[in-house]
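Student: No letters, just coordinates:
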């Protein structure tokens, strides 16, 4: 999988935002792979770790804006899990594997593209 | 077990033009389990769909992948195609090679397209069928409250053929703010008669809800009425429990509006002032009246309304001099700007100030001191009566009710979380609704819209007596469940409860009616006992495994 | 309920909300829209989230439009208006005229090649706005050179999917419906009517709606004149509200201004925002906490300016009365946003005449009874949304659902009356 960015996209926010980005022909790096989930809160630590195990350069978890989760607490749980993952990876001394959470709305294609570009920049800066 | 997977590619009438479909077809045909690959230009159109159906039948395809546009707009259409072809609609996965591939990147994206198809194939290989079933639901509705909102909700529910119980903790119906009648000119008495004469409405006064269990379509409620316990079942619960007010003096709620004037000087609430206006045997008509609002609480729509109505009425009835101290008049409700202009035209004096006025007693009158914004000077007014600022607060018992029902409240303690997706009248739990005052709204126009909205939503849910559900789409395996209660505590929709199986063991059971398919429980279960069809761990991991350089 | 048909006139958020409620009950809904795209004004509003959701509800509109488009019980009729109405509750006959859609929405892939080659200025073929539904380019007859007699078919020739056809005529059809819900929305107040504020003359004077569309299109705000980040922005409230022609508060402007300002500040923390107001409308669920935050970071000035002048250096000089100092002041800004209000649609009169429905004095559709703002003077015709009076998005949704509710109740009653119950 060398160098792919795995993006877990919530079906209420990030997935439609990614669609809209495509409709508007807003381009972002080709190495993004989207996995659609019903809520960012469905994403488990094992999913994130498996992505790295398979060679991912970075993992994104994208959910609804703070206070606008369709399932009320899903995005908050996702945020905590992402924090935990980063801590875990640091503890086992696995460097340069960024996991980041972004919040956005379905009608915010620019925010989606910004998130992908930001994580791409972080990957480049960490020298991978 | 190798199942026969059919992959249907579509180039969307030529819209997808940076993918080498021949190469894709060649690669996809080699994926394990794929027995049929086909390229079309119009899968979503009628002829494309009909061709798909015949293909599925002729080739004995058991699972389907469509690689085309976004599932957001077409997934449900293709699921129907599967059903028509004799397959379970859930044995389907879509690869988005248009919006999230062809259109998102410059240049040739064939490699990415192949990977996206592989991800979908990996997932579809593991999918399990999900059936649909109609479950019966209780058609009766419980309405908590006995004021304007509750009464009118019950009347409208009756109009659409639903039976309602009105549950009111006081001894009689109609115990809402008296001002409403005089402001809006409606007749509470005739509304109450209508309710009492309606055979679809049962009225329980001096009654309170003690416990609630269950979920939409099947709430079990225990009610205590005058010492007696009553058990009932309802399909939906509507909260129309209103609000309360408290006087805000010295920027601190001190007195409830029901309390009498303090320290011998005349400081009253809006409600008390209303009563003064209606009191034909009032000793002395106040000559100078002061009103105050919008200093302690930004949510002053109701106090704006009350002030304007009371001020106008007092002007007309007593011809008093009336001064209104305020920061911003809240006119963002229907008819308010007109009322405000009417009051000004009638001679009511409005004094805008930034800081709350200082209130003291002097010679038996109320002294108000404030700095007027426009004059830039201090105004000192001695008045006979001050109608003090009121805070609009959640009703007594709101906290208790929210814990009985396990529902969230907003930052001010009113019902309904401030999540826009719940607006106007919903809660995070299906089958529970909020109206008007108890959720923080208070002008009549908005309350009326709330009432009709709830009636519509409840009717939609319950009128047919059954609700279509996906059977066991999310399920806790009783063999693996250790009844740690984590999922029950975490489910944002209150869809999980503990049930007894095999006579002894207690396990978590997820209600097909109440579940909103978020998967938060599946992620958090420490025993990995919960399976969410379509988003099981193995299904997600299989997609990840497909991502590699080919 | 037996199989019913309802016509919803207008596909803005309120019409869509009405349509969805009825459709979910099994009612067949015709969703009529005079434009080529559905969703009305709020479909082009931007998400105003900062680090938290600002509860503007623009995403709710997005969700509901998508739901309506894919709902099997809702039939979309775009480019359509009502020509004639006859009949009554339970049996309305509606004559519809559907203008030709020169760009076939099913074939259009929104590649933009047609816009590139279009010789007209402004372009006659374009995408209405980002996220337009149906997602298709539209050909504006009024701007097109061919429809003005010239020989031009550049767009047709450039289209890779052959989606463009010129030889199309308006279509007529008749609908038979049990009830009608009018959800025709509002007109945005034309800020050019307040000439002294410079809208239409100075490129850096925008309206609130312009700002929404800039964010939807670009994702960020830059000065129209030089593309730089604005450093100093003024919002002016009550433009077309609470004045001689509009004796009402538009209900949305104070909140949208503060939320837009909040978004701008989140993206550019150094930008200074000033809000000129009469009375700040800060009431409503969940808003007080935003106001607490904004009070600290924004400058609020009592008093609405009456004149804006552009200086030689391109800045905007705003002349206003500083109430506290008691004198006229001038402040310069690089961008001014006019918080324009909600006005009744100018063409409401036509529709009112065709339907036999009354308009109120302020130009909005009139209600039969102040205790029921969805019912008109005609049995079976209901009102939803801002066509009845100003409302924000959540209130428009509630009003739309309420209209569907009233229609359901009235139809249920008339059905049981006919059955002799």
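Tutor: Noted; the coordinates are in hand. Worth saying up front: this structure is predicted, and the values here are computed from it rather than measured.
Student: Can you tell me who residue B:95 pairs with across the strands?
Tutor: Beta-bridge pairing for residue B:95 (DSSP bridges): residue B:67.
Student: ok, now how distant is it from residue B:116?
Tutor: Distance, residue B:95 to residue B:116, using Cβ to Cβ, to the nearest Å: 4 Å. No exception for glycine: its C-beta is placed from N, CA and C like everyone else's.
Student: Return every residue with contacts to both of these two.
Tutor: Shared contacts of residue B:95 and residue B:116 (Cβ atoms under 8 Å, 6 or more residues apart in numbering or on different chains): residue B:67.
Student: who's in contact with the residue in the stretch 101-250 of chain C that chain A sits nearest to?
Tutor: In the stretch 101-250 of chain C, the residue that lies nearest chain A is residue C:219 (2.7 Å; Cβ to the nearest Cβ). Contacts were defined as Cβ under 8 Å, 6+ apart; by that measure residue C:219 touches A:108-111, A:114.
Student: Which ones, among those residues, also lie beside chain C?
Tutor: The residues of the contacts of residue C:219 that also fall near chain C, by Cβ under 8 Å from any Cβ of the partner chain, are A:108-111, A:114.
Student: In these, which residue is surrounded by the most others?
Tutor: Ranked by neighbour count (other Cβ atoms under 10 Å in any protein chain shown), these have residue A:108 at the top, with 29 neighbours.
Student: quick one: pLDDT of it?
Tutor: Here, the pLDDT recorded for residue A:108 equals 96.
Student: From the ones next to chain C among the contacts of residue C:219, which land in helices?
Tutor: Mapping those onto helices (DSSP state H) picks out A:109-111, A:114.
Student: mind listing the helices for the chain?
Tutor: Defaulting to chain A. Counting by DSSP H, the segments of chain A that form helices are A:14-23, A:45-53, A:74-91, A:109-125.
Student: Please refer instead to chain C.
Tutor: Going by DSSP H, chain C shows helices at C:13-24, C:58-70, C:113-117, C:154-158, C:208-218, C:253-267, C:288-297, C:348-355, C:393-418.
Student: Would you mind measuring the gap between the ends of stretch B:98-118?
Tutor: One end of stretch B:98-118 to the other measures 15 Å (Cα to Cα, to the nearest Å).
Student: rewinding a little: of all the contacts of residue C:219, which comes closest to chain B?
Tutor: Looking across the contacts of residue C:219 and measuring by Cβ to the nearest Cβ, the closest to chain B is residue A:109, at 10.1 Å.
Student: Return the residues in contact with the closest one.
Tutor: Residue A:109 touches A:17-18, A:20-21, A:23-24, A:26, C:130-131, C:219, counting by Cβ under 8 Å, 6+ apart.
Student: I'd like to know which of those is nearest to residue C:190.
Tutor: Set against residue C:190, the nearest of those by Cβ to Cβ is residue C:130 (23.5 Å).
Student: so what's residue B:169 closest to, chain neighbours aside?
Tutor: By the measure of Cβ to Cβ, 6 or more residues apart in numbering or on different chains, the closest residue to residue B:169 outside its immediate chain neighbours is residue B:208, 5.0 Å from it.
Student: residue ranges with poor pLDDT in chain A?
Tutor: The model of chain A has pLDDT under 70 over residues A:1-2, A:128.
Student: Relative to chain C, which residue of it is the closest?
Tutor: Here the residue of chain A nearest chain C is residue A:110; by Cβ to the nearest Cβ that distance is 2.7 Å.
Student: shouldn't residue C:152 be in contact with residue C:145?
Tutor: Yes. Counting by Cβ atoms under 8 Å, residue C:152 does reach residue C:145; the two are 4.9 Å apart.
Student: could you dump the helices of chain C to JSON lines with mean pLDDT and mean neighbour count?
Tutor: What follows is these, written out as JSON lines (pLDDT from 0 to 100; neighbours: other Cβ atoms under 10 Å in any protein chain shown):
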{"stretch": "helix C:13-24", "mean pLDDT": "98", "mean neighbour count": "30"}
{"stretch": "helix C:58-70", "mean pLDDT": "96", "mean neighbour count": "22"}
{"stretch": "helix C:113-117", "mean pLDDT": "92", "mean neighbour count": "17"}
{"stretch": "helix C:154-158", "mean pLDDT": "93", "mean neighbour count": "18"}
{"stretch": "helix C:208-218", "mean pLDDT": "94", "mean neighbour count": "20"}
{"stretch": "helix C:253-267", "mean pLDDT": "96", "mean neighbour count": "23"}
{"stretch": "helix C:288-297", "mean pLDDT": "90", "mean neighbour count": "14"}
{"stretch": "helix C:348-355", "mean pLDDT": "96", "mean neighbour count": "16"}
{"stretch": "helix C:393-418", "mean pLDDT": "92", "mean neighbour count": "24"}
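Student: Need those helices in TSV (columns: distance to residue B:528).
Tutor: Output for these, formatted as TSV (distance: least, Cβ to Cβ, whole Å):
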stretch	distance to residue B:528
helix C:13-24	35
helix C:58-70	32
helix C:113-117	52
helix C:154-158	55
helix C:208-218	42
helix C:253-267	40
helix C:288-297	39
helix C:348-355	59
helix C:393-418	39
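Student: domains in chain B, as residue ranges please.
Tutor: Chain B breaks down into these domains under automatic domain parsing: B:5-130, B:141-242+B:395-466, B:246-388, B:472-532.
Student: Kindly report the same for chain C.
Tutor: C:5-99+C:170-186+C:344-418, C:113-158, C:189-341.
Student: looking at those, which is closest to residue B:339?
Tutor: In terms of Cβ to Cβ, the element of these nearest to residue B:339 is domain C:189-341, at 10.5 Å.
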